[in-house]
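Trainee: I'll drop the sequence and a predicted model, then ask my questions.
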Amino acid sequence: MKYSKILFIILLPGIFSSCSKRLDSLLNNPNGPAPSAGDVDAFLNQAQISFSGFYTGVSDVGGALSRQQALVSGFLYENAFSPQSFDAIWTTGYTGVIKHVDALIPLAEAQQKFQQEGIAKLLKAYTIATLVDNFGDIPHSEADLGLDNINPKADAGQNIYDAALALIDEAVANLHNPDQNTSTLPKADLFYNGDIAKWTTFANTLKLKLYMQERLVYPDAKAKITALETENDLINSSDQDFQFSYGKNESAPDTRHLHYRNNYLGGGGGDYISNQFMYMVTAKQNSTTGSILDPRRRYYFYRQVGDYGDANQTTAQCVTHGRPSWYLPDMPYCLNISGSETAVDFGYWGRDHGDATGVGPDNYDRTLWGLYPAGGKFDESSFDAIDATGLGAGGKGIDPIWLSSFTYFLEAEAALTLDVTENGDAKTLLEQGIRASISKVLGFPAQIGYSVNPVYVPDQTAVDTYVATVLDSYDNAANDDERLNIVMQEYFIALWGNGIEPYNNLRRTGKPGNLQYMVTTPDPGFFIRSLFYPSVYVNANANAPAQKTPGLSVQKVFWDNNPDDFIK
Amino acid sequence: MHMRQVLSLFLGLLFSIAMVAAQSRTITGKVTEKNGQPVDGASVQIKGSKTGTAADAQGNFKITAKTGDVLVISAVNFGSKEVKLGTESTLNITLEVQLNAMTEIVVTALGIKREKKALGYAVSTVNEDLLELRPEGDLARVLNGKVPGLNILGSSGLSGSGTNIVVRAISTVTGSSQPLFIVDGVPFNGSTNTQSDFRQGNQTSSRFLDLDPNNITSVSVLKGLSATVLYGEAGRNGVILITTKNASSSPVRKKTEVTVAQSFFTSTAFLPDYQNNYGGGFEQAQGVVFYSNWGAKITNPPSKVTHPYDKAIYALAFPQFQGDTTYEYKAYPSVKNFFQNGLVSNTSVNVGGSTANASYNASYSYLDDKGVLPGNHVLRNTFGMGGTVKLTNNFTLSGSFNFTNNGVKSPPTATSFGSGSANGPAIFGDVMYTPRTIDLNNLPYQNPLDGSSAYYRNNNSIQNPWWTVHHSFTEDNVNRVFGNLQMKYSFTPKISLLYRVGYDNYSEYQKYAQDKGGIPGAPFQTGIFRSSNGINTIWDHTIFGNYNTNLNKNWSLNLDIGVNSKETKYSQTGLTSTSQVVFGLIDHSNFDTHDSKSEGGYDLDYITNELSLGAYIQSQFGYRDYLYFNLGGRNSWVSTVEKKYRSIFYPSGSIAFIPTSAIESLRGNTMINYLKIRAGYATSADFPSPYNTRAALSVNTRAFLTTDFAPVNTLSISDRLPNPNIKPELLKEVEAGIEGTFFNKRVNLDLTLYRRVSKDQLLDKQLDPATGYTVQTVNAGNVTNRGIELSLGYTIIQNKDWRWHIDGIYNINKSKVSDIPAALGQVNIAGFSNLGTFAINGQPLGIIQGTRVSTFQKKDGSGNSIADPANGQRIVNTIGDYSTASEIGIIGDPNPLYKVTAINSVSYKGISFNMQWEYTQGGAMYANTPSVLIGRGVVGNGNVDRNLFLVLPGVLEDGSPNNIQTTMTDAYFDNTVAGGSASELAVFDATVVRLREASLSYQLPDQLLKKTPFGAISISVSGQNLWYYAPNFPKDTNFDPEANGLGVSNGRGLEFFSGPSTRRIGASLKITF
C-alpha cells in the first residue's frame, strides 16, 4: 500500500499539471492565422473577389428578368424564383464583401492605409445600394455584428441609399487623405491597378447612378446631377471603365469568366440567351430598316449551328407550339426570331421569356456567350460545335460593371427626363453612348490580346451606318417618350453582360418597351419589382420582415413609384 | 536472455523500488490440473491475511507461511481449494476445472478480466476459430453477423474499401458513430481518412484494415455505455477489444510451437442477368452508339451495322473502322468479361513458446487480394512480436509490437446516376449499363494518336472503362507501427499497480490520378494527380491499481482506480495537380497547376491535435456468489471545448443477480442450469471535433490572378461563427438483460434490452448572413434508440462423436429524433441536400428524403382540401410520365425492422461443417444500379414485346384516371434515368436473405500425427457471401443491398453505382509443428 501511495503522489499531479496546461493550448486552431493576423490588403483582396461574385450573381437575376439572359425557371413570375434562389447573392454580399470591408476599416485607419479604406468603402457602397435595388429594405445599421446581434433589423431603403452616398463621400476623402502612408499602397487593385484618380471618377459616377436611380422620388436629384455633370469627373472614356477582368487560368485558381465556364467546357452550350435580346441585337434594326446590322453581334454571340435543321420536338419544344396570341408583332418567338429563314440572324438559338419547359438535348445547338464580355469565341460563321475545352479567348472576359457608354446613356436619360444638359443634348449623348459601346466591343480583342478573323470585323462604314440608322429613328421619334425608348434600347444593347442596370432601367423607365411577354400564359402575374427575401434571411433572422410575394403582389423598392402594371 | 535483461533494466529505471526481503519459512509448490498440466497464474493466499502470491506459467509458486496457515488456491476457470499447512515445505495441488458460464472469464474495459457472471452489462466475445482463415482480410467484414448488436456495412465490393461499423445504433447526427478500437489494451485508430467525399467514390480504406484477422486471439465487443464507461467519451460508440496472438497470455506450451497457415480463395462478382433480345438504341430503333438499350430486336444471324468508331473524330485515329459496316448487332458478354476472377492468397506464420518465467509470440502474415474489378488489389504484410516476462521481484512486464505495410489500389468509383459522372471517373457508372450490342472488351479503348479514351458514343461522353482501368487509379499506402508496453507490480495478491503505454503511429500515403485524355466536359479531362500523406499518432498512458479483498464472510470488493491520458495527433500534407503535360506520366512536375486543396475543395494540409485526460474508479461489490453491484465512473477533461465545459463526469452503476446460485431450490436444477438477471445505467459524451470554439482566418495564396498573372492573396474570415459555448453531446443508457443456460446446458440465452438517449446534439444553426456569418454549431435535439439483442443457442446433438449446435442472433433497434428546434429545421446528415439522409423530429434517425412523385389532392375554390377517390394517387403529366413534386419529402426509412443470424455447426470427430445464414427484414434503399439497369433496358423485359404501349397507373392533373399511352422506352427511361424523374421511383425494400459463410474442415486425428513432427494439421474449404436473395429488387438485376454509396458515415440506404458484391470460395491448410 505504501508504494502505491508514493506512486500516486509522484505520477498523478505530474501528469495532470503538465497536461492541463496543454488542454488550453489545443483550443486554438493551428490551421489558419489567428484573427489578430488580419491584414488590410488581404481583406481588401477578399472583398474585391467577393464583389465580383456578388456582381455576377445579381447580374444573372436581373439579366433574366430583363430578357437579356433567358428566364427559364418558371412559367409565372410567382414561380420563376424561390427564396433560395437569392441565398448566394445575400451571402456573398454580406459575408464576402461587407464583412471584409468592415473588418479592414479600423485596421486601415490605424495603419494609415486610407486608399485601401476608400476603395473598400466604394465596393461596400455599390453592394448595399445594389442589395436595396433588388430586395428593398434590408439590414444595414445592425448588420455584420456577429454574436452581438444575430437578428439584425432591416433599415429603410432610402436610408441605406443615404448611407451609401455618405460612404462614397467618406471614400473620396480617404482616397485623397494626405496622411496616406505611401509605402503601403494597395497591393492588388483588380479594377484600376492603384490609380486613385480613376477610383475618384468611379465614386462620382456611382453617385450619378444612385441619384438617377432615385430621381423619381428625390426632388434634389436634378441639382445633384447637374453638379456632377458640371464637375464632369465621370467615367467618360474606356480607360476609366469600372470592370473586373478575368483570365484564362482553368484551375488553381479558376480565373475564367463565369459564363465562359458555363458554356465552354466542351459539352456544348450551357446558358440560354434570351431570344428577345438576340433579336434586338441582330434583327430588330434589320427588320425595320432593311440591312443594317449591329456591328457587335459577332462579338456578343457565338452560333454553333447555321440552320435549325436539327430543331424538333425534343430539342426545342417551342417549334411544335404556336406563337402566343398575346405577343405583339414586334416580339420575336421561338427560334425564327426574325421571321425569315434568309435573314442573317439564322442560327441564333435561345429561349423565349418564361419558357420553363424541359431542357432537350440541344447543347450543341444553343447560341453561346461570345467573345465579349465572356471571353468566348468570335462568331466567324464557322458553326463549329463547342466540343473541346479552352476554345475562343479562354474565358479572358470582363464584368462590365460600369462602362463609359453607360454614363452617356444615363446622361441622355437625364437630359430627356430632368432636362440636365450640361454635357450635351440627349441626341449627342446617345451617339456618344452608342459609339463608346461599339468601340469598346470592337476594341475588346485587342484589349485582351486576342485576334479575330478580319473578314468578320465590321469596318467604320458599318459602324457609322448603324449609328446613323439609330439617330434617324431618334430624329423621327414623335415625342420624348419615344426618344427615351430609343436611348434605353441602345443602353440595353450596350449592357450585354450586365443584368443589374437593365433591371433597374426597366423598373425606373419601363423601357425598352415591347419586350417579349411571358410565353406560356397571357396572365403571368405582376412583373417582379423586387426579389423574394432570401431564405437564409427570413428563416434565420427573427427580425426579418414577412416574406414577399413577388409576382402575386407588387413590391416596389423605394425609388420605384411607377404604376403596378408598369412592366409586363 | 538478452531481451529480458534489457527489459529489466528499463523497468528498473522506471520504478527504482527496492524489494522486501523474504523471511520465515518458505513453502514451494506446484499447481496442476488433474491431467498433470500446470495451471498458469493460480492465486495462492494465506486465509485471513493479506499475504499471497501467484503461481507462474508452470504452476510453480513460493510463499512464506507458518504451520497452521490455511492456503487458498484458486485460478481462473478452476474451482478454488483450501489446504491447511502442516510441516511440509513442498505442496502439490490439483485444481478441478470449472468451465461453465458461471465462471467464464471475459475481457472488459481496460483489459480487466472479470467473471462474466459478475457483470451488469452485455459483452460478446468472438474467438479465433471464427476469425482465422477467412476469405476477407478486413476484420470488420469477418465479424459481420457474428455479434448481436454489431452492424457492419461495407462501402463497396472493392477489396480494401472502407467499412462502417456501428455497435447497437447510431446515436449522433453529426458526430462519428464508429466504435473505439482497443488493440492489446491500447487505442488503435480505425478512421477512414478520405480526401474527398462520397461523390468521388468510396475507395479509401478504413484503418482497421491494418489488422490481420489471422493474428487475433479474440475480439470482445463492449456494447453499452455501462461496459465502456471507463473509456469515457471515446467508448460512447462501443468498444472493439482485440487481443492479438502476440499479446495474449496463451496457454502454456512446453516447447516452441510453429503454426503455418495458407489459404487460397477465388472471388467472383454477382452480376446482373442481362437480357439478350434487344440491343442499343431508342424506341426499337437500331442505334449502336446510344447510351440506352431500347433498340431493335437482336436477330440470329445478327444484322451488320456501321462500326461504332466510324465517325469524323476518329477518321485519323481509327482509319480501319471508317466505312466499316461489318460490326455485328448482337449481345456481347461485355460486362461479364470485363470483371475478372479475384484471387486471394493469405499466408501466416506464428511462433510461440514459453520458458519458466516468460512467454513470447511472433507472427508474420501476408495477404494478396486481387479483386474482381481489374486494377483492384490489396497487398498487406504484418509483422509482430510480443511477450510476457515475470520478474523475480513481483514485477510482470509485457508488451507487443506490430508493424503493418498495407497497399490498396483501385480504379476510381465516383457516384453516378446512370449517365456518366459529374465527379470524376466512375468505373461502375460506366460499365454496368453498357448496351448489349457494344463489344466493350474488343473495341480499342485508347486513341492511338494521343492516348485519350475512345469509345462508342458520338460525342465521346462515356469514358471507356478499360481506359479508366489503365489510366486512372486511387491508391492507399500505409506503414504502421503500433504496440504497447506494460508493467505490473503485485504488492500482494490483492493489490497490484499497472502502468501501460500505448503507441500507434501510421503514415498513410494516398494517391488519386488520371492521365489526360478523359472524356470532354468531365472533371479531370486534362489529367489530375492528387497526393497526400497523413500521419496519425496516438500516445496513450494508463496507470491503474487494483485492490480486491473479501470484506467479510459474505461481501467481496474488487476496486480499480486509475488515470489515463490519450493524445491523438493527425497531420497531413498534400498537393493536387491538374493539366498533365506529357501523357502517361503521373508526377507532380508533369502537371501545369498545383493546389493545396483537393479536387473537391478540401484542404489537404492540416493538423489536428486532441488531448483527453481521465480519472476513473470502478468498484465491484459481490455478495456471496450471487449478487454483484458495480459502481463507478470516470471524469474526463477534453481539449476540444472551452474550459468551463471541458470536464465531465460519467457515472455508471449496474447490478447482477444469479437466482440459480441464490435460491436453494434452483441449485443443481437440470431445467435451469444457470440464470442471471442484470441491469445497468451509464453515461457518456460526444465531444465536438477540435477548433470549433475559436476563430481563425483562412489564407488563400492564389485566390485569383491579376491580369499580369500575379497571384492575389486573400485572408478571409470564416462564415462559420465560432461558438465558445458548445458542449459535448450527452448520452445516457439503461440496459437490462437475462443470461442463462437451460435443459442440461443444451440451450443458452443472452438477452439484452437497452434504451439510449443522446441529448444536446451538435447541430448547425443557420445564421442570417447579414450577421456576417452563415452558420454556427449549437447544442440541440435528441436521438433516442431502443433495441433488443438476443442470442439463443441450442445444442441439438452432443455425444462422443457428434455435435450439432445452432446459434441464433436477433437484433432490433428503433431510433427516434426529437426536440430539434424549428429554427434548425431538418438536418441533412449525409448525401445530397435534395437526396440524402436526414434527422427530422418524430422520425427515425437517417430517414431518406428525396424528390417524390406528385400526388393528387382535390381542392375547392378557396384552396381547401376536399375528399376525392383520386386523392393520394400519383399524377401523370401530359406526356405520360410521372410528375415530380417540387419539394422533397420522405421516400424511405433505411433502418431495417430486424436482423437475424443463424450459425449452424455440425461436427463429427475431426470433421466440422459450419454455415452462417443471415436475414434482414425491411429497410428502404434508394438504389441507382437496379433502377438504371431497368431504365436503360439492359436487363428485364427480355421476353416482353417492347412494341407494346403502357399507361402508367395514376391520375391526370385534374384527377381523372390516366389515359395517356406511352412507349415502353419512355415509360422506363423517363421515370428512372431521365433528369427530373422522382428519386422515390428508385427506392426498394432491402429485405435480404444471405448465406454469409460456409465451411467444411477436417482436423487430422492425433494418432495419425504421433510419429510426425506435426502437432496438428487441419484443412478446410470455405466460402463467404455464397448466396443472397433480395426479393424486392427488380428481378435479374441481382442487386445486393449490402452496399452504401455514402462511404463511412452516418448515412445509410443510398447507392449510386457502388459496384457488385462478391462471392469468395477457397481452401486453407493449417499446420502446427
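Mentor: Sure, I can see it.
Trainee: pLDDT below threshold where in the stretch 501-650 of chain B?
Mentor: B:521 (pLDDT under 70).
Trainee: around chain A, pick out the residues from it.
Mentor: Neighbours of chain A within the stretch 501-650 of chain B, by CB under 8 Å from any CB of the partner chain: B:520-521, B:525-526, B:541, B:543, B:545, B:563, B:565, B:576, B:578-579, B:593-595, B:603, B:605-607, B:609-611, B:613, B:637-640, B:642-643, B:646. (Glycine included, C-beta is placed from N, CA and C.)
Trainee: just the buried residues of these.
Mentor: B:520-521, B:525-526, B:541, B:543, B:545, B:563, B:565, B:576, B:578-579, B:593-595, B:606, B:609-611, B:613, B:637-640, B:646 (16 or more other CB atoms under 10 Å in any protein chain shown).
Trainee: show me which helix or strand of the chain is least confident by mean pLDDT.
Mentor: Picking chain A for this. The least trusted helix or strand in chain A, going by mean pLDDT, DSSP states H and E, turns out to be helix A:284-289, with a mean of 55.
Trainee: now for the next helix or strand after that helix, which elements pack on it?
Mentor: Going down the chain from helix A:284-289, the next helix or strand is helix A:297-300, by DSSP states H and E. Applying 3 or more CB pairs under 8 Å, 6 or more residues apart in numbering or on different chains; DSSP states H and E, one finds that helix A:297-300 makes contact with helix A:275-282, helix A:426-442.
Trainee: switch to 7 Å and redo it
Mentor: helix A:275-282 (3 or more CB pairs under 7 Å, 6 or more residues apart in numbering or on different chains; DSSP states H and E).
Trainee: so who does the spatially most central residue of chain A touch?
Mentor: Note on chain A: the residue nearest the mean C-alpha position is A:S59, at 3.0 Å, using CA atoms, centre = their mean. By CB atoms under 7 Å, 6 or more residues apart in numbering or on different chains, the residues touching A:S59 are A:N498, A:G499, A:I500.
Trainee: quick one: low-confidence parts of the stretch 51-200 of chain B?
Mentor: For the stretch 51-200 of chain B, applying pLDDT under 70 flags the ranges B:57, B:76-79, B:96-103.
Trainee: residue in it nearest to chain A?
Mentor: Nearest residue of the stretch 51-200 of chain B to chain A (CB to the nearest CB) works out as B:T51 at 13.2 Å.
Trainee: hmm, B:F491 and that residue touching each other?
Mentor: No - B:T51 is beyond contact range of B:F491, at 10.7 Å (criterion: CB atoms under 7 Å).
Trainee: identify the contacts common to these two.
Mentor: What both B:T51 and B:F491 touch, as defined by CB under 7 Å, 6+ apart, is an empty set.
Trainee: quick check: buried residues in stretch B:449-458?
Mentor: For stretch B:449-458, by 16+ other CB under 10 Å, it's B:G451, B:S452, B:S453, B:A454, B:Y455, B:Y456, B:R457.
Trainee: what's around residue 402, how many residues?
Mentor: Using chain A here. 24 (other CB atoms under 10 Å in any protein chain shown).
Trainee: actually chain B
Mentor: 26.
Trainee: quick one: the strands in the stretch 951-1073 of chain B?
Mentor: B:966-967, B:987-989, B:992-1003, B:1016-1029, B:1054-1055, B:1062-1072 (DSSP state E, counting those that start in this stretch).
Trainee: not counting its own residues, what contacts the longest one?
Mentor: The contact list for strand B:1016-1029, computed with CB under 7 Å, 6+ apart, reads B:133-136, B:992-1004, B:1009, B:1040, B:1061-1072.
Trainee: quick one: strands adjacent to that strand?
Mentor: Applying DSSP bridges, strand B:1016-1029 is found paired with strand B:992-1003 (antiparallel), strand B:1062-1072 (antiparallel).
Trainee: one more: the first one?
Mentor: When sheet partners are counted by DSSP bridges, strand B:966-967 sits next to strand B:949-950 (antiparallel).
Trainee: nearest to B:T784, of the strands of the stretch 951-1073 of chain B?
Mentor: With respect to B:T784, and counting by CB to CB, the nearest of these is strand B:1054-1055 at 23.5 Å.
Trainee: contacts only, for the closest residue to B:V186 other than its chain neighbours.
Mentor: Distances taken as CB to CB, 6 or more residues apart in numbering or on different chains place B:G502 nearest to B:V186, at 2.3 Å, with adjacent residues excluded. Listed by CB under 7 Å, 6+ apart, the contact set of B:G502 reads B:G185, B:V186, B:P187, B:N484, B:I538, B:D540.
Trainee: ok now the top helix by length along chain A, how far from the chain's centre?
Mentor: For chain A, the longest helix by residue count, based on DSSP state H, is helix A:40-65. Chain-centre distance of helix A:40-65: 9 Å, with CA atoms, centre = their mean, to the nearest Å.
Trainee: that helix: what's the following helix or strand?
Mentor: Taking DSSP H and E as the definition, the helix or strand that follows helix A:40-65 towards the C-terminus is helix A:87-91.
Trainee: give me the contacts around that next one.
Mentor: Residues contacting helix A:87-91 (CB under 7 Å, 6+ apart): A:F54, A:G57, A:V58, A:P534, A:S535, A:V536, A:Y537, B:P769, B:T774.
Trainee: just give me the neighbour total for the fourth one.
Mentor: Burial measure for A:P534: 28 neighbouring residues, criterion other CB under 10 Å.
Trainee: that one and A:S85 touch, don't they?
Mentor: No - in this structure, A:P534 is not within contact of A:S85 by CB under 7 Å, at 8.1 Å.
Trainee: which residues does B:T325 contact?
Mentor: Going by CB under 7 Å, 6+ apart, B:T325 touches B:K304, B:V305, B:T306.
Trainee: meant to ask about B:V335, not that
Mentor: B:L271, B:Y274, B:V431, B:M432, B:T434.
Trainee: pull the contacting residues for the first one.
Mentor: When contacts are counted by CB under 7 Å, 6+ apart, B:L271 touches B:V335, B:K336, B:F339, B:N1038, B:P1060.
Trainee: next: the fourth one.
Mentor: Under the criterion of CB under 7 Å, 6+ apart, the contact list for B:M432 reads B:V335, B:T929, B:L933, B:F1057.
Trainee: backbone phi and psi for the last one, please?
Mentor: Dihedral angles of B:F1057 (phi, psi; degrees, to the nearest 10) stand at phi 60, psi 60.
Trainee: and it, how many neighbours?
Mentor: B:F1057: 27 surrounding residues under other CB under 10 Å.
Trainee: what does the one 5 residues further on give?
Mentor: As a burial measure, B:T1062 scores 24 neighbours (other CB under 10 Å).
Trainee: so what sits opposite it in the bridge?
Mentor: Beta bridges link B:T1062 to B:A269, judged by DSSP bridges.
Trainee: could you verify my assumption that it touches B:S267?
Mentor: Yes - B:T1062 is within contact range of B:S267, at 4.5 Å (criterion: CB under 7 Å).
Trainee: which neighbours do those two have in common?
Mentor: By CB under 7 Å, 6+ apart, the residues touching both B:T1062 and B:S267 are B:G342, B:V372.
Trainee: pLDDT wise, what is the residue nearest to B:V305 when sequence neighbours are not counted at?
Mentor: In space, and not counting its chain neighbours, B:V305 is closest to B:Y329: 4.8 Å by CB to CB, 6+ apart. Looking at B:Y329, its pLDDT stands at 95.
Trainee: again, but for A:S20
Mentor: Reported pLDDT at A:S20 in the predicted model: 69.
Trainee: same question, the one 10 residues further on
Mentor: The model reports A:P30 with a pLDDT of 93.
Trainee: excluding chain neighbours, what is closest to it?
Mentor: That would be B:I607: by CB to CB, 6+ apart, it lies 5.5 Å from A:P30.
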